[in-house]
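[1] this one's sequence-less:
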């Protein structure tokens, strides 16, 4: 296996972590079935595996936001908006690893106007995978978000129960208004999870997704995949609901995939 790929495994689950491509899960095999969309020439860097979204999750409208009375502009990565952060296409460095765990780190790069870094730990116990992201800054203050973007490969189905859904405007971005969720399919952000979302494969393998993130984006419009994305804030959070990080106050969140058959 390439030096840029690390494998960790549990009883019936094994993961391949691609350090070079954003510290993402490149493969997640459970009970001999691949659960993720894997790297393919049909898909760009945003469309496969399961990757961390840092230091913002989802879209930032037109790539623009104001922080501490100063205007900032981000790279437009899904025209006309910025999307999914600055680390998904860059290489993480390993801090520590074993057969069941890996801890890695990366700086936020030149495409973000604040100095900082994120550390991610991925570990497996039995058939449960834990992910932890911790976003830190070297600046006095900066806005920040974290989240994960797993692409679960169809055929599969989704079970969710959320209290509220953000209304999307003509840019496809939450306006700030919330409503009771209508019927799907979705490309939308939700809050108030009444129970953990689940993805069911072949009516036999279930992935339950737990997180201490307050927001969830569900994207189940594609024919080939379903995405369930826990996020610490909503899309366009730098404008809608900015979370402020300081040297003494990093942002840390977890995602847990519990896989059963």
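    Perfect, I can see it now. Small disclaimer: the values here were computed from a predicted structure and weren't measured.

[2] what's the closest non-adjacent residue to residue 159?
    Excluding its sequence neighbours, the residue lying closest to residue 159 (CB to CB, 6 or more residues apart in numbering) is residue 198, at 4.4 Å. The way it works is simple: take the backbone N, C-alpha and C, and place the C-beta from them, glycine included.

[3] ok, now which ones touch residue 14?
    By CB atoms under 8 Å, 6 or more residues apart in numbering, the residues touching residue 14 are 7-8, 27-29.

[4] so it: helix, strand or coil?
    strand (DSSP: H, G, I helix; E, B strand; the rest coil).

[5] beta partners of it?
    Counting by DSSP bridges, residue 14 is bridged to residue 9, residue 29.

[6] tell me how far it lies from residue 162.
    31 Å (CB to CB, to the nearest Å).

[7] try residue 8
    From residue 8 to residue 162 the distance is 31 Å (CB to CB).

[8] could you check the pLDDT of the nearest residue to residue 24 once chain neighbours are set aside?
    Nearest residue to residue 24 in three dimensions, chain neighbours excluded: residue 51, at 3.6 Å (CB to CB, 6+ apart). pLDDT recorded at residue 51 is 98.

[9] which is the succeeding secondary structure element to the strand or helix carrying residue 51?
    Per DSSP states H and E, residue 51 falls inside strand 50-53. Proceeding N to C from strand 50-53, the next assigned helix or strand is strand 59-60, under DSSP H and E.

[10] pull the helix or strand with minimum mean pLDDT from this structure.
    strand 174-179 (a mean of 93; mean pLDDT, DSSP states H and E).

[11] off-centre distance for stretch 170-178?
    20 Å (CA atoms, centre = their mean, to the nearest Å).

[12] quick one: buried residues of it?
    Neighbour counts using 16 or more other CB atoms under 10 Å place 173-174, 178 of stretch 170-178 among the buried residues.

[13] shaky segments in the stretch 1-150 of the chain?
    For the stretch 1-150 of the chain, the stretches with pLDDT under 70 are 1.

[14] neighbours around residue 199, how many?
    25 (other CB atoms under 10 Å).
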